[in-house]
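A.B. asks: Next comes the sequence, and after it the predicted model I'd like to discuss.
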Amino acid sequence: MLNQFLFKKIDNAQLIIFRVFYGLLVSAECYGAIATGWVRRTLIEPQFTFSFIGFEWLQPLPGNGMYVYFAIMGTLGLLIALGYKYIFSAFAFAIMWAGVYLMQKTSYNNHYYLLMLLAFIMAFLPASRDFSLDAKSNPKLRSRTMHNWVRWTIIIQLFIIYTYASVAKLYGDWLDFSIIEILMKSKKDYYLIGELLQQKWVHKIVAVFGILFDLLIVPALLWKPTRKIAFAFSIFFHLFNSIVFQIGIFPYLSLAFTVFFFSPQTIRNIFLKEKTIAIDNEVNHPKNAKLLVGALSLYFLVQLVLPLRHHTFKDDVLWTEEGHRLSWRMMLRSRTGLVTFKILNKETGKGSHINLDEYLTKKQKRKVACYPDFIWQFAQHLKKEYAKKGEKIQVFASSKVRVNKSKYLEFVDPKVDLASVPWKHFSHNEWIRPSQKE
């Protein structure tokens, strides 16, 4: 029964059109990162980058190399949209984007993680079988059908993302609207809407709508009677996010996903100006059917479990941040902090305080002030820098952090030498002070 559902042949118009949108949008993201100065600020100006722990070997290219890197990714996006050398273009983009994602987290965004997942998914999908230069140059490649599992891979991935995002909002600071107030304060100077965004009734609408939209949007798009109104809500929701939070291509990528919910006939009529094609709904099991089902099952099992890992850690994820990333916990908290670092020479016993301005950009300093992995990584960086001078040092941090509207509370044990303790990926780092209930 499952195999009949997964391997039924369906019209591939949805995938073909999404490929074009996807390629154009990632191209705009990469070229835009150069034009807006994001590449310069994030990857060129810093003395070093905070990579994901374990991926320290991934570092930005020297000089202006990252401009070339992003220009290549932008070009690969155009090739994806055109369907030219698609498998190579899609895999090359996926690998290069994953490299950027893992080599820096100062500008971490859940949407960057989504794009990494999507890039690898798209690389495995038969998205260039029609309306592409590949199909034009090789007519044998051309096909107007695909297996049903292709469409449902995208839909299930979206369902997981939206559902976890909705459930994560069911906590005190979202339900009392205080986090919405904090998020909107920085938008006060926006033209026309700035003052409106400061209104309490707007905060209530945003909070309730955010929960309901994330929870219901995928089922509502799947069900034909609610599809059009759900699409209208999607347009409003994602344009609101684009205008208010200015998060690049991702609201538009989210809108592009909706092609998978409308009938192939509708998509073909609107975008390809072609008549509906006849599909006999035959079930065609490929030779690697069992391997494919196994791979998809394993992938989605990881996607289901990974966002829950913070429950296995001691203390509250909002305080410790352990398990926050890769879990679709979007726009849930505001963190600010104060931190000082003291180094102690092991041989002479001489101590001194570190001037962060000599090492970090403004954005990096904000991260180091209140995120535990940044604090630990900076301590490791200091250890290496002083080792180059032939000095063995201890590194101690004194930090106070405020989450949302709470008070500033001690965040790091100032007596722990952070240069000598390992980072624990799968258990709580005990040098992080316990959260305190007010």
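C.D. replies: The structure has been received and is ready for your questions.
A.B. asks: Give me the three-state assignment for the residue of the chain most remote from its centre.
C.D. replies: Most distant residue from the mean C-alpha position of the chain: Thr348, 45.4 Å away (CA atoms, centre = their mean). Secondary structure for Thr348, judged by DSSP: H, G, I helix; E, B strand; the rest coil, is coil.
A.B. asks: For it, report the pLDDT, please.
C.D. replies: The per-residue pLDDT reported for Thr348 equals 91.
A.B. asks: Next up, phi/psi of it, please.
C.D. replies: Torsion angles at Thr348 (phi, psi; degrees, to the nearest 10) stand at phi -100, psi -20.
A.B. asks: Pull the number of nearby residues for the nearest residue to Lys187 once chain neighbours are set aside.
C.D. replies: Excluding its sequence neighbours, the residue lying closest to Lys187 (CB to CB, 6 or more residues apart in numbering) is Leu197, at 4.9 Å. For every residue, glycine as well, the C-beta is placed using N, CA and C. Leu197: 19 surrounding residues under other CB atoms under 10 Å.
A.B. asks: I'd assumed Tyr191 was in contact with Leu197.
C.D. replies: No. Applying CB atoms under 8 Å, one finds Leu197 not in contact with Tyr191, separated by 11.4 Å.
A.B. asks: Ser186: neighbouring residues, count only.
C.D. replies: Neighbour count of Ser186, defined by other CB under 10 Å: 12.
A.B. asks: Distance check, it against Gly172.
C.D. replies: Applying CB to CB, to the nearest Å, the value for Ser186 to Gly172 is 22 Å.
A.B. asks: Likewise for Gln157?
C.D. replies: For Gln157, the distance to Gly172 (CB to CB) stands at 29 Å.
A.B. asks: Of those two, which one has the most company?
C.D. replies: A direct count of neighbours by other CB under 10 Å for Gln157 and Gly172 places Gln157 higher, at 18 against 10.
A.B. asks: Quick check: what element follows the host helix or strand of that one along the chain?
C.D. replies: Assigned by DSSP states H and E, Gln157 belongs to helix 148-168. For helix 148-168, the following helix or strand on the C-terminal side (DSSP H and E) is helix 172-175.
A.B. asks: Strands of the stretch 201-350 of the chain, residue ranges please.
C.D. replies: Using DSSP state E, counting those that start in this stretch, the strands of the stretch 201-350 of the chain run over residues 335-345.
A.B. asks: Now do the same for Leu15: helix, strand or coil?
C.D. replies: Secondary structure assignment for Leu15 (three-state DSSP): helix.
A.B. asks: Tell me who's in contact with it.
C.D. replies: Taking CB atoms under 8 Å, 6 or more residues apart in numbering, we find Leu15 in contact with Leu125, Pro126, Ala127, Met146, Val150, Arg151, Phe260.
A.B. asks: And the furthest pair within those?
C.D. replies: Spanning the widest gap among those are Pro126 and Phe260, at 14.7 Å by CB to CB.
A.B. asks: Look at the two and report which has more neighbours.
C.D. replies: More neighbours surround Phe260 than the other of Pro126 and Phe260, with 21 against 18 (other CB under 10 Å).
A.B. asks: can I assume that one is in contact with Gln14?
C.D. replies: Yes. Look at Phe260 against Gln14 with CB under 8 Å: they come within range, at 4.9 Å.
A.B. asks: can you list residues touching both of those two?
C.D. replies: With CB under 8 Å, 6+ apart as the test, Phe260 and Gln14 both reach Arg151.
A.B. asks: Give me the phi and psi for Gly32.
C.D. replies: According to degrees, to the nearest 10, Gly32 has phi -60, psi -30.
A.B. asks: wait, what's in contact with it?
C.D. replies: Counted by CB under 8 Å, 6+ apart, Gly32 has contacts Trp38, Gly248, Ile249.
A.B. asks: thinking again about what came up before, lowest-confidence one in the contacts of Leu15?
C.D. replies: By pLDDT, Met146 ranks lowest within those, coming in at 95.
A.B. asks: Report the contact partners of that residue.
C.D. replies: Contacts of Met146 by CB under 8 Å, 6+ apart are Lys9, Ile10, Asp11, Asn12, Leu15, Leu125, Pro126, Arg129.
A.B. asks: Return the member of those residues nearest to Met330.
C.D. replies: Met330 lies nearest to Leu125 out of the contacts of Met146, by CB to CB, at 25.4 Å.
A.B. asks: and that closest one, how many residues sit next to it?
C.D. replies: 21.
A.B. asks: And the contacts of stretch 208-224?
C.D. replies: Residues contacting stretch 208-224 (CB under 8 Å, 6+ apart): 155, 158-159, 162-163, 165-167, 169-170, 174, 226-227, 229-231, 233-234, 237, 258, 261.
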